Each structure stands twice: as structure tokens, then as C-alpha cells.
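**Student:** Structural data only, the sequence is not supplied:
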Ligand SMILES: Nc1ncnc2c1ncn2[C@@H]1O[C@H](COP(=O)(O)OP(=O)(O)OP(=O)(O)O)[C@@H](O)[C@H]1O
């Protein structure tokens, strides 16, 4: 079966520093990769590279359609949450809002969301896109215990349905993950 992500001999130089080189990645259906490493080791940069927002200095990357959830909100702050999320035209918007317990906030303008609520909204936006590959940068930051449990459940469902995940996180992630430590 064709992998959902394949990187061969990847290298990335950023701000004049070599963050990684000779990096091979391969994720198939149901696989998940936890990227760890100290501050500045290149975790976010790797996520952005896989998303196609940065070009590798060397190597090749191929991937299936991806949804990115990072620090960027990518939602109109003036719109009520449901309308702001609907901009992304995800086929699973209703499911995604329920999964992250956002139904009660549907009519609240995005600018009024708390840090954790905005984090849930970012994750719901990514989930609603119905992309096979999820790219999550520090997905647990700002989430309370309920939010973390909902994230775990959403990731498990996505993997069971044949999707794959790359997550950069300082925190432990539940379930079975491949690991990649950068900056060693
Ligand atoms: N826009 C940029 N231009 C140049 N260099 C950058 C840019 N963004 C980040 N860097 C550099 O790239 C390196 C890796 O940063 P990155 O954000 O990928 O690390 P990280 O592992 O995600 O860090 P953290 O754990 O602090 O979130 C750092 O040395 C940083 O200074």
C-alpha cells in the first residue's frame, strides 16, 4: 500500500543551523509519529516541512493530503465559531465540533475564546478537513484533562480509520507511537 508520508534523506537548515540531515520517514495507514527534542531542535520546523510550508535543504518528500494544527488560528476572529470553522468547508465539521465539545460555543465570536477553547477549535478545524495525514504541533498545549482525552480519542479514531499522524510534543502522548528525537 502507498505510504501516507515518505521522506528520503531529508535535511533542513534554518537560521544558518543544520536542524537535521539524512532523515528518512515513512508512515502508513494507522501509523503515528511522536517528534520530541529540546527547545529549538526543529520539531515545529519538521512539521512545517511535512506540511509543505518549508522546503527541505536536501532530500525528497511525498505525502497524502494533510491537515495542519499549529499555533496559527486560521479562523476569522470576528465570526461566530461555527461560521469561522465552516470557512474550511470540512465535510466533518459537525462531528469535529462535537468531538472537541465546541457545540455550546458555536455562536461565540472566535476572538472571545479562551486559550484552551481556541486550541480545541484549531484541532477541530484540522479534523474537519478529513485529510488522511494530521500534522499536530504541540497539540496538548492549553488543553485541560477533558480536552486531552478528546484529542486522544480523535487520534485513535483517525488511526483506526486508516489515517496517520505526526505530532510534535514535549508531553507524553497516549497510545502506540513511533518516536523520533531531534537534536541528539
Ligand atoms: N522563521 C525562522 N527563520 C529562521 N530560523 C528560524 C525560524 N523559525 C525558527 N527558526 C530556527 O529554527 C530552529 C528550530 O526551531 P523550531 O521552532 O523548529 O524548534 P522546536 O523544536 O519546535 O522548538 P520548541 O521546543 O521551542 O517549540 C531554531 O534554532 C529557531 O531559531
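**Tutor:** Now that the structure is in, tell me what you want to look at. This structure is a prediction, so every number in the text was calculated from the model and none was measured. Residues are numbered from 1 along each chain as shown.

**Student:** where's the residue nearest to the spatial centre of the chain, which helix or strand?
**Tutor:** Closest to where the C-alpha atoms of the chain average out (CA atoms, centre = their mean) is residue 136, at 1.8 Å. Per DSSP states H and E, residue 136 falls inside strand 133-137.

**Student:** Ramachandran angles for residue 181?
**Tutor:** When read as degrees, to the nearest 10, the backbone of residue 181 gives phi -100, psi 120.

**Student:** Quick one: residues contacting the residue lying closest to it once chain neighbours are set aside.
**Tutor:** Spatial nearest neighbour of residue 181, excluding adjacent residues (CB to CB, 6 or more residues apart in numbering): residue 36 at 4.9 Å. The C-beta positions use only the backbone N, C-alpha and C, and glycine is treated the same way. With contact set as CB atoms under 8 Å, 6 or more residues apart in numbering, residue 36 has these partners: 43, 168-170, 179-182.

**Student:** 10 Å - rerun?
**Tutor:** Taking CB atoms under 10 Å, 6 or more residues apart in numbering, we find residue 36 in contact with 43, 167-173, 177, 179-183.

**Student:** For it, give its distance to the ligand.
**Tutor:** Using CB to the nearest ligand atom, to the nearest Å, residue 36 is found at 9 Å from the ligand.

**Student:** from here on, count from 35
**Tutor:** In the new count, where the first residue is 35, that last one comes out as residue 70.

**Student:** what pLDDT does that residue get?
**Tutor:** According to the prediction, residue 70 has pLDDT 97.
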